[in-house]
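S.K.: Just need the structure, nothing else, for what follows:
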Amino acid sequence: MRQFAKKYLCIKKDREFRYLFKKGGCTATKAFICYAAESKRRKNRIGIVTGKKLGNAVTRNRARRVIREAFRLTEPFLLQKTDKRFDFIFVARSAASRMKSTQVTAIMKKTVLGKYAENEKK
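M.R.: Okay, here's the model as predicted:
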């Protein structure tokens with residue numbers, strides 16, 4: 001019996017990644033590049049991409065953890081601001097692994113909320 005609900009839904013299929021890279025809106029920051037497209041699902045979904053140029057496995061996993069935590073903290077504000085649901089892909093940049101999660105959260109709130117939740121509920 002499951003007692004904890006999953007914190008987020010993952011994008012795992014290559015075809016969904018390719019669709020978002022091609023059709024999704026793009027926002028670049030110093031920590032990550034965000035691709036997003038509106039979804040008909042009930043929840044927001046997230047996919048995180050870290051390339052080998054970023055560094056070794058420890059560095060790549062840290063970048064993923066930091067971005068995942070920032071999204072977890074940003075998502076309630078997004079749900080509050082808009083009724084729409086989105087699929088997000090975050091491509092980590094080298095600065096993401098060296099930043100604290102609070103810094104990445106501030107960047108994510110500014111970009112994600114600014115671009116995808118504007119002009120909805122005010």
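S.K.: Next, please give the residue ranges for the strands of this structure.
M.R.: 9-10, 25-28, 32-39, 45-49, 85-92 (DSSP state E).
S.K.: Which elements pack onto the fourth one?
M.R.: Right, strand 45-49. strand 9-10, helix 14-23, helix 57-81, strand 85-92 (3 or more C-beta pairs under 8 Å, 6 or more residues apart in numbering; DSSP states H and E). Glycine gets a C-beta too; all of them are placed from N, C-alpha and C.
S.K.: Low-confidence stretches in the chain?
M.R.: Within the chain, the stretches with pLDDT under 70 are 1-7, 119-122.
S.K.: give me that answer again for 80
M.R.: Counting by pLDDT under 80, the chain shows low-confidence ranges at 1-8, 116-122.
S.K.: Relative to residue 68, which of the strands of the chain is closest?
M.R.: Smallest distance to residue 68 across the strands of the chain (C-beta to C-beta): 6.5 Å, for strand 45-49.
S.K.: Direction included, what does that closest one pair up with?
M.R.: Within its sheet, and counting by DSSP bridges, strand 45-49 is paired with strand 9-10 (parallel), strand 85-92 (parallel).
S.K.: what would these look like in TSV with distance to residue 52 and mean neighbour count?
M.R.: Output for those, formatted as TSV (distance: least, C-beta to C-beta, whole Å; neighbours: other C-beta atoms under 10 Å):
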stretch	distance to residue 52	mean neighbour count
strand 9-10	21	13
strand 85-92	12	22
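S.K.: nearest to residue 17, of the ones you listed?
M.R.: Closest among those, using C-beta to C-beta: strand 85-92, at 6.4 Å.
S.K.: now that closest one and strand 32-39, what's the angle there?
M.R.: Relative orientation of strand 85-92 and strand 32-39, computed by axes from the mean of the first three to the mean of the last three C-alpha atoms, to 10 degrees: 160 degrees.
S.K.: distance between strand 85-92 and the chain's centre?
M.R.: Here strand 85-92 is found 4 Å from its chain centre; the criterion is C-alpha atoms, centre = their mean, to the nearest Å.
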